[in-house]
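In: Mind folding the following:
(one chain, ligands or ions: 1)
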Amino acid sequence: MSQQNEQFKKLVSHCKEYGFIYQSSEIYDGLAAVYDYGPYGVELKNNIKQYWWMAMTQMHENIVGIDSAIFMSPSVWKASGHVDAFSDPMLDNKDSNKRYRADQLIEEYCEKIENKIKKDVTKAAKKFGDDFDEAQFRSTNQRIIDRQSKIDATLGRMNDLLKADDMAGLKEMIEELEITCPVSGSKNWTDIRQFNLMFSTQLGNIAGEESKLYLRPETAQGIFVNYLNVQKTSRQKLPFGIAQIGKAFRNEIVARQFIFRMREFEQLEMQFFVKPGTQQEWYAHWKEARLNWHKALGTDASKLRYHDHEKLAHYADAAVDIEFEFPFGFRELEGIHSRTDFDLGAHQELSGKKLQYFDPESNESYVPYVVETSLGCDRMFLAMMGNALQEETVPDADGKDSTRVLLKLPYPIAPVKCAVMPLLKNKEQLTSKAREVLDKLKFDFNCQYDEKDAIGRRYRRQDAIGTPFCVTIDFDTLEDDTVTVRDRDTMKQERVKIDEVAGIVSGKVAMKSLFKSVTA
Ligand code: ATP
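Out: Numbers count the residues shown, from 1 in each chain. All right, here's what the predicted structure looks like:
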């Protein structure tokens, strides 16, 4: 098993073992690509959402939030283009009966070539040591040049075929590239057809197309249809934004990689309404601002990158992904799209209601353009966990080397901020004093009381769920009202007065500490 696979497997089992994520309906063997968040998972997820929500609404006078319903008029999805065009190219392998997305098969083919390039680069780097110049090597080594141009040509051709909606051409390409099914190893493919990703259901007890409802595949449309309500009731002037956090549903053809691709997931979306003609400027602004938001979490810059879209969605005039290096490679974490006036224009046309904004400065009315930022909460969760989970060699109580599993989450994002522990669980004076301390601290941040097992094991348990501080009540506490405060990362313990604990912990776990480096 490759190192990355092993790392990913560890991550998945850590999520389960420590109560972050469970398979949905597990006792019935689970439901594919649907997951439940456990006690620590829900805290971590809420903290991610809070960080985003603060960054959007609290930090911007001109961004407000809403919470729109999941069910919307079916006309919304007609106007937005989702009924006709929200689909992925699907094909089956006739021998394994496994279903695939045609574009993903081709992308994986290219990824294999990319891995060969990476191998050559690593080999050369080893050989040349400090003198190695990767950019120069990539641009002069003939084998790499040939491989890179094969990748570029393949992806270019695929994008052209997708743009032209040429499913037969796409199948021809898969045959030409001799792509085989990873399960059966055969090239026995069905034709490719477009598969709509929206889930549908019925309204009340009326059958037929009339009452067909869709589970929203994105939260954005709830913002578009409310934009004038919000603009008027919150007295906003352009440019202004509307933020929303909520569930979205997609009947993904291939749902793999744990919570990376789910059928029910959560989005954090912000639609920024701007004057037509200024959208490129705002697109550049949000592209940078969103990357800064990710970096402020301490994520290594080399794990984040932009990926400009070649194949633009039907609504966009520019689009970029912020990609994160997951254990299975760089993948989309967030999308930033310049959506023009496509959505508002389409809703205006189909509903027959004016969705124009009256600009008091220029005295004209127009349909605003929109720049969207769209982050997947679950992917963000996976990225945070992937970044944080590590093993460290540290001295144990006897000074011998031992391994500690550490979830090195940024302190403000950690599910539990402070664990309160009596040194011994069967000494009533200690446990009641510990409960007294807990009762003081629980108003300031999320605390946990932990008295079971030896203190060293309790520290390890808290390290594994990422708790930044452990406060221990011992016999000295009973004499002088001091406790030890242990820092997760340094493992250093400091003896402080009980009254000082809230201040020390608050200073480090407050969301506000993340904002120091968010520049926009
Ligand atoms: P992908 O290309 O990976 O299918 P997408 O381009 O369709 O993603 P968008 O429509 O731009 O995704 O959605 C915005 C964000 O929502 C994505 O960046 C991602 O973080 C998240 N997202 C989309 N689909 C899923 C899913 N099936 N499971 C979890 N998160 C998702």
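
In: Can you report phi and psi for Gln257?
Out: phi 60, psi 50 (degrees, to the nearest 10).

In: Verify the stated contact: Leu155 with Glu111.
Out: No. With the criterion set as CB atoms under 8 Å, Leu155 and Glu111 do not qualify as a contacting pair; they are 10.6 Å apart. Glycine gets a C-beta too; all of them are placed from N, C-alpha and C.

In: who has more neighbours, these two?
Out: Each of Leu155 and Glu111 has its neighbours counted (other CB atoms under 10 Å); Leu155 has more, 17 against 14.

In: Could you chop the chain up by domain?
Out: By the assignment in automatic domain parsing, the chain contains the domains 96-193, 410-515.

In: of all those domains, which lies closest to Asn62?
Out: The stretch from the domains of the chain with the least distance to Asn62 (CB to CB) is domain 410-515; that distance is 17.4 Å.

In: what about the longest helix out of those in the chain and the ligand, touching?
Out: When secondary structure is assigned using DSSP state H, the longest helix within the chain turns out to be helix 102-128. No. When contact is scored as CB under 6 Å from any ligand atom, no part of helix 102-128 falls within range of the ligand; the minimum is 9.0 Å.

In: List the buried residues in that helix.
Out: Of the residues in helix 102-128, those with enough neighbours to count as buried (16 or more other CB atoms under 10 Å) are 102-103, 105-106, 109-110, 114, 117, 120-121, 124.

In: Tell me the residues on the protein that lie near the ligand, please.
Out: Residues of the chain found near the ligand (CB under 6 Å from any ligand atom) are 218, 250, 252, 261-262, 265, 267, 332-335, 374-376, 378-379.

In: Glu107 and Asn159 touch, don't they?
Out: No. Proximity of Glu107 to Asn159 does not meet the contact threshold set by CB under 8 Å, at 10.8 Å.

In: For the residue of the stretch 151-300 of the chain found nearest the ligand, give its distance to Lys497.
Out: When distances are taken as CB to the nearest ligand atom, the stretch 151-300 of the chain reaches nearest to the ligand at Phe265, 3.6 Å away. As judged by CB to CB, to the nearest Å, Phe265 and Lys497 stand 45 Å apart.

In: cool, and Val64?
Out: Distance, Val64 to Lys497, using CB to CB: 42 Å.

In: Give me the below-cutoff pLDDT ranges for the stretch 1-150 of the chain.
Out: Within the stretch 1-150 of the chain, the stretches falling below the threshold (pLDDT under 70) are 1.

In: residue ranges of the strands in it, please?
Out: If you assign secondary structure with DSSP state E, counting those that start in this stretch, the strands in the stretch 1-150 of the chain sit at 21-23, 35-37, 63-66, 87-92, 99-101.

In: swap in the stretch 351-500 of the chain?
Out: Assignment of strands within the stretch 351-500 of the chain using DSSP E, counting those that start in this stretch yields the ranges 357-359, 364-366, 369-376, 389-395, 401-407, 418-422, 447-449, 469-473, 482-487, 493-497.

In: and of those, who's closest to Tyr37?
Out: Relative to Tyr37, the nearest member of these by CB to CB is strand 369-376, separated by 14.1 Å.

In: who does that closest one pair up with?
Out: Applying DSSP bridges to the sheet, strand 369-376 is found paired with strand 264-274 (antiparallel), strand 329-340 (antiparallel).

In: Tell me which of the ones you listed is the most buried.
Out: Of the strands paired with strand 369-376, the one with the most neighbours on average (mean count of other CB atoms under 10 Å) is strand 264-274, at a mean of 23.

In: Report the contact partners of the closest residue to the ligand within the chain.
Out: Taking CB to the nearest ligand atom, the ligand has its nearest neighbour within the chain at Gly376, 2.2 Å off. Counting by CB atoms under 8 Å, 6 or more residues apart in numbering, Gly376 touches 265-268, 333-334.

In: Serialize those residues to TSV and add fields for pLDDT.
Out: Compiled in TSV, those are given as follows (pLDDT from 0 to 100):
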residue	pLDDT
Phe265	98
Glu266	98
Gln267	98
Leu268	98
Leu333	98
Glu334	98
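
In: returning to what we had before: just the domains of the chain: most buried one?
Out: A comparison of the domains of the chain by mean neighbour count, using mean count of other CB under 10 Å, puts domain 410-515 on top with a mean of 18.

In: Nice, that's everything, thank you.
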